[in-house]
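Asks: Give me a 3D structure for the following:
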Amino acid sequence: MARRKRTARGRVAVVILALAAVAGAGWFGYRHLDRQVRESERQKVLVKASSERVDPANDGLRVQLGGKLQAGSNARDAELGISAQAALLSRKVEMYQWREHCGGTTCDYEPIWSSQPIDSHGFRQPQGHENPQMRLGNTLFAGTDLKLGAFAVDAELVAAQVALVDHPVHAADLLPNLAASFSDANGSLYAGGDPAHPKVGEVRVSYAIVPPGSVELSGVQRGGSLVAQ
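Replies: Got it, this is the predicted structure:
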């Protein structure tokens, strides 16, 4: 009888310990989830901060900074040789291409300017509507050491929040081996014949910049950097 009582007491003790362990795990899990929720809510708040110094208390938070955007060097398109006294230099490339529009059993084809390659191999009537391969694409170039006050900033973040300004260029600005391939066209570069009467496969290239100067940016503070997230 005494042995049975000891066995029963042991089972009760095991059950109590198991329940205590479950309760403890649940408590720690709740505390962890609560911290995650509070941190998530904290990150939703937009904090207005000074760009003159990095405040460690704002690390991981969304901050809004105002100040002078600067770069250590000019932004440059090394592929074509175009440079500008700017924090960012954006290159836009368009090619005159066939576009297919089908309705029911019939398809219409018209040439349009597009920055995105249009694959003519999938056309219902590819013959006579072939699009050449695009050899250049849209690209964003940044000056080195891009900063807003004491913060390093991402070029993509700047491009998404600061309006670009047209930057006229000329064929004479190109690398010597490319100058003969392009002509001037209202501040853009044109590879082809008459810009007023484009033909499929002809290309035009234009540029826009973000000049150094006062801007206002918002993003997440990560150490001494301002990033998108």
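Asks: Identify the residue nearest the geometric centre of the chain.
Replies: Residue closest to the average C-alpha location in the chain (CA atoms, centre = their mean): residue 156, at 4.4 Å.
Asks: Model confidence at residue 187, what's the number?
Replies: Per-residue pLDDT puts residue 187 at 96.
Asks: Kindly report the domain assignment for the chain.
Replies: For the chain, automatic domain parsing gives the domain ranges 2-44, 63-94+136-227.
Asks: can you give me the end-to-end distance of the last one?
Replies: In this case it means domain 63-94+136-227. 10 Å (CA to CA, to the nearest Å).
Asks: before we move on, which element is the residue nearest to the centre of the chain in?
Replies: Using DSSP states H and E, residue 156 maps to helix 155-161.
Asks: Repeat that for residue 221.
Replies: Per DSSP H and E: strand 213-222 holds residue 221.
Asks: So, low pLDDT: which residues of this protein?
Replies: Residues of the chain meeting the criterion pLDDT under 70: 1-44.
Asks: Now find how far off-centre the strand ranked longest in it is within its chain.
Replies: In the chain, taking DSSP state E as the definition, the longest strand is strand 88-103. Put simply, strand 88-103 sits 20 Å off its chain's centre (CA atoms, centre = their mean, to the nearest Å).
Asks: what lines up beside that strand in the sheet?
Replies: Paired neighbours of strand 88-103 in the sheet (DSSP bridges): strand 106-114 (antiparallel), strand 139-142 (antiparallel), strand 203-210 (antiparallel).
Asks: Could you list the buried residues of that strand?
Replies: Across strand 88-103, burial judged by 16 or more other CB atoms under 10 Å covers 88, 89, 90, 91, 92, 93, 94, 95, 96, 97, 98, 100. Where you see a C-beta, it was placed from the backbone N, CA and C, and this is true even at glycine.
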